[in-house]
Every structure is written in C-alpha cells, then in structure tokens.
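K.L.:
Fold the following.
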Amino acid sequence: MLLAECERVGVSLRTHTQIDRVKQTDHGFQVSTSQGLVSCQSLVVATGGLSIPTLGSSGFGYELASQFGLTVLPRAPGLVPFLFTDQLKGLCERLSGTSVDVVVSVPRQSFRGHVLMTHRGLSGPAALQISSYWTPGESITLDLGPEVDFRAQLLADKQAHPKALVRTRLAAHLPKSLVAELEGLFWPAEAAHPLAEIPNARIEQISKQLHHWSLRPAGTEGYRTAEVTLRGISTAHFASKTMACESVPGLFCVGEVLDVTGHLGGYNFQWAWSSGYVAGCHV
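P.N.:
Numbers count the residues shown, from 1 in each chain. Predicted coordinates:
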C-alpha cells in the first residue's frame, strides 16, 4: 500500500489503485495514479515485499527507492518451506504430515522446534525459521534427538534389551514411520539384527547420524509461500526515530519494504505496525 499525506487532507492509495509514477516537486511529491494525480508534502511507502504476490505484493517500493537513489539490497524469500528433488523428495512424500521436534541448523544459526514433512519437502516452524539464514546450495542439519542422547540410550538398551531391534527402541522417541525410513538410510544392514549383535562402534555411528542428519534442499518454495522478503531498502538511509529518509525530504519507508526481517511469532507484523505508527507521527 502506498500512502500519501496531502496538505490538510490524508489520501490513502489502496492496493487496487494503479500507481504509474512518483515525481518529486518543490513542494513534495506528485503521484500519478489510476484515480488521478495526487499532490502531497509527505510520502509514506508501505508497499511490503515480494512475498505472496496473490495478496498484491510487487516490487514497486524497490523501484521507487532506486528512483530516488536509495540502496536496495539483494532480496530473497524468507520464512519459507524447503523443496527436495532427490531421493529425499520420495521420503518426504511418504512421511507427508509427520511432525518431529528437532534442532535444525546451518553454519550460522540453529533453531529448536518442530519440522513438518510435506509432499514437496520440509516445512514447520523450525524449518521456516532456518530458511531465513540458509544459502542456496547449502546443507541443513537436523538433530532428531534434542533431548535424547541416542548413543547412551541405545547402549543402555543393548544391555537391558539385548534382543530388541534398533527401530523398536527408537520408536519410543521418534514417530514409527520416520524410524522406518531412517532404518533404510542409516542402518539397513542391521535392520534385522538385535542390539546384542551390533558392535558398539556401529551403534555410535548410527547415533551420530541421528543427531547430525544432513539434508541438502534443492531450493525453497519461493515468494509464492514465503512469509517475508529478506533484505530490501537499506535502513542506512532512514532515521530510526521517525522513519524519514535523510536524503529525500518528505519520504518515509516502513514495514517489509525495508531491510528488516523478524522471526516467526508476529514480529514482522509488529515491525510493520510500529514503523508505520512512527512515520505517521512525523509526516
């Protein structure tokens, strides 16, 4: 949404209004729209990012920033599900709807929470969170036992339940459907062997894989389902206490169009509302 604060009268240009051009004048701005020409002293850009285009998002705010010589940082979808195209896609399809509590990591960040297997890949709160720190081509790591030491547990089970199978003991901590898939990935040769017959060194290897399951996404679902757009107009151009552009008098930018991205939990909404309120107090 582009908001124009006119002299004496506030004019709100909604998303269904076609905005053709914004021109800076000696007295502020002229906004050429499908509803006519609007003149204003102050212009508040609240166009959002590129996420979920079906709701009306576009790159207009970035085009406007470039027009006024403002730095626009490279954008990417954030808080977005991952896609897989290799054998993991089939695994995710078979496990679609399965949720598991994990710690998901990339080299720069980790999050604890649930991930959800989908027919396309990996979603859920923890997956969405880490997507904002993920770089294309990079692997993500899942710790499937954030509160369980699988090595210690399986070695203890080997003593207490020597005839039990690995999958039987792990089913106490993970969904059975997931354990069945992991068996084919991590310990297929020992699938039918009781714990008593599996060397301790092999149990340690299996445990390490459970705590460090490395997955390489083919990509993400992109802006179509991303909850936010990462990066945007550089905040270096704006005063944090007013949201006013320091190089273009009368210009304000708020919300997602700026290089500000929060975690899940309403923080991005709060940023949009708070920055809009601050700008509204100073136009």
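
K.L.:
For Ala279, which three-state class applies?
P.N.:
Of the three states, Ala279 takes helix under DSSP: H, G, I helix; E, B strand; the rest coil.

K.L.:
That one touches Leu251, doesn't it?
P.N.:
No. Counting by CB atoms under 8 Å, Leu251 is not a contact partner of Ala279; they are 10.0 Å apart. Yep, even glycine has a C-beta here, placed from its N, CA and C like the rest.

K.L.:
who touches both of the two?
P.N.:
The contact sets of Ala279 and Leu251 overlap at Ala244 (CB atoms under 8 Å, 6 or more residues apart in numbering).

K.L.:
Excluding chain neighbours, what is closest to the residue positioned nearest the centre of the chain?
P.N.:
Nearest to the mean C-alpha position of the chain, by CA atoms, centre = their mean, lies Leu79 at 1.4 Å. Distances taken as CB to CB, 6 or more residues apart in numbering place Glu227 nearest to Leu79, at 3.8 Å, with adjacent residues excluded.

K.L.:
Just to check, that neighbour is in contact with Asn268?
P.N.:
Yes. Applying CB under 8 Å, one finds Glu227 in contact with Asn268, separated by 7.2 Å.

K.L.:
got the residue ranges for the helices in this protein?
P.N.:
Taking DSSP state H, the helices of the chain run over residues 60-67, 87-94, 125-131, 150-160, 166-170, 176-186, 200-211, 267-280.

K.L.:
just checking, what packs against the longest one?
P.N.:
Okay, so that is helix 267-280. strand 42-45 (3 or more CB pairs under 8 Å, 6 or more residues apart in numbering; DSSP states H and E).

K.L.:
correct me, but Val148 touches His173?
P.N.:
Yes. At 5.2 Å, Val148 counts as touching His173 under the criterion of CB under 8 Å.

K.L.:
Tabulate the helices of the chain in a markdown table, adding columns for mean neighbour count, distance to Gly49 and mean pLDDT.
P.N.:
Shown next, in a markdown table, are those (neighbours: other CB atoms under 10 Å; distance: least, CB to CB, whole Å; pLDDT from 0 to 100):
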| stretch | mean neighbour count | distance to Gly49 | mean pLDDT |
| --- | --- | --- | --- |
| helix 60-67 | 19 | 8 | 92 |
| helix 87-94 | 16 | 27 | 94 |
| helix 125-131 | 25 | 15 | 98 |
| helix 150-160 | 16 | 40 | 97 |
| helix 166-170 | 21 | 41 | 97 |
| helix 176-186 | 16 | 34 | 97 |
| helix 200-211 | 16 | 36 | 98 |
| helix 267-280 | 16 | 10 | 95 |
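
K.L.:
For the ones you listed, give me a markdown table that also has distance to Leu116.
P.N.:
Shown next, in a markdown table, are the helices of the chain (distance: least, CB to CB, whole Å):
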| stretch | distance to Leu116 |
| --- | --- |
| helix 60-67 | 32 |
| helix 87-94 | 10 |
| helix 125-131 | 7 |
| helix 150-160 | 22 |
| helix 166-170 | 20 |
| helix 176-186 | 12 |
| helix 200-211 | 19 |
| helix 267-280 | 20 |
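
K.L.:
closest to Ser34 out of the ones you listed?
P.N.:
Nearest to Ser34 among these is helix 60-67 (13.4 Å), distances taken as CB to CB.

K.L.:
and the gap between Gly222 and Glu183?
P.N.:
In this structure, Gly222 and Glu183 are 33 Å apart, going by CB to CB, to the nearest Å.

K.L.:
who are the neighbours in contact with Lys208?
P.N.:
Contact analysis of Lys208 by CB under 8 Å, 6+ apart lists Arg151.

K.L.:
oh, and call the first residue 22 from now on, that's how I've got it
P.N.:
Will do, 22 is the new start, and the previous item becomes Lys229.

K.L.:
how much space between it and Leu71?
P.N.:
For Lys229, the distance to Leu71 equals 40 Å [CB to CB].

K.L.:
Same check on Leu203?
P.N.:
Look at Leu203 and Leu71: by CB to CB, they are 37 Å apart.

K.L.:
thinking again about what came up before, pull the contacting residues for the residue nearest to Leu100.
P.N.:
For Glu248, the contacting residues are Ser72, Ile73, Gly99, Leu100, Val101, Leu149, Leu285, Asn289, by CB under 8 Å, 6+ apart.

K.L.:
just Leu203 next, same as before
P.N.:
Per CB under 8 Å, 6+ apart, neighbours of Leu203: Leu165, Leu191, Leu195, Leu231.

K.L.:
go again using 6 Å as the cut-off
P.N.:
Counting by CB atoms under 6 Å, 6 or more residues apart in numbering, Leu203 makes contact with nothing.
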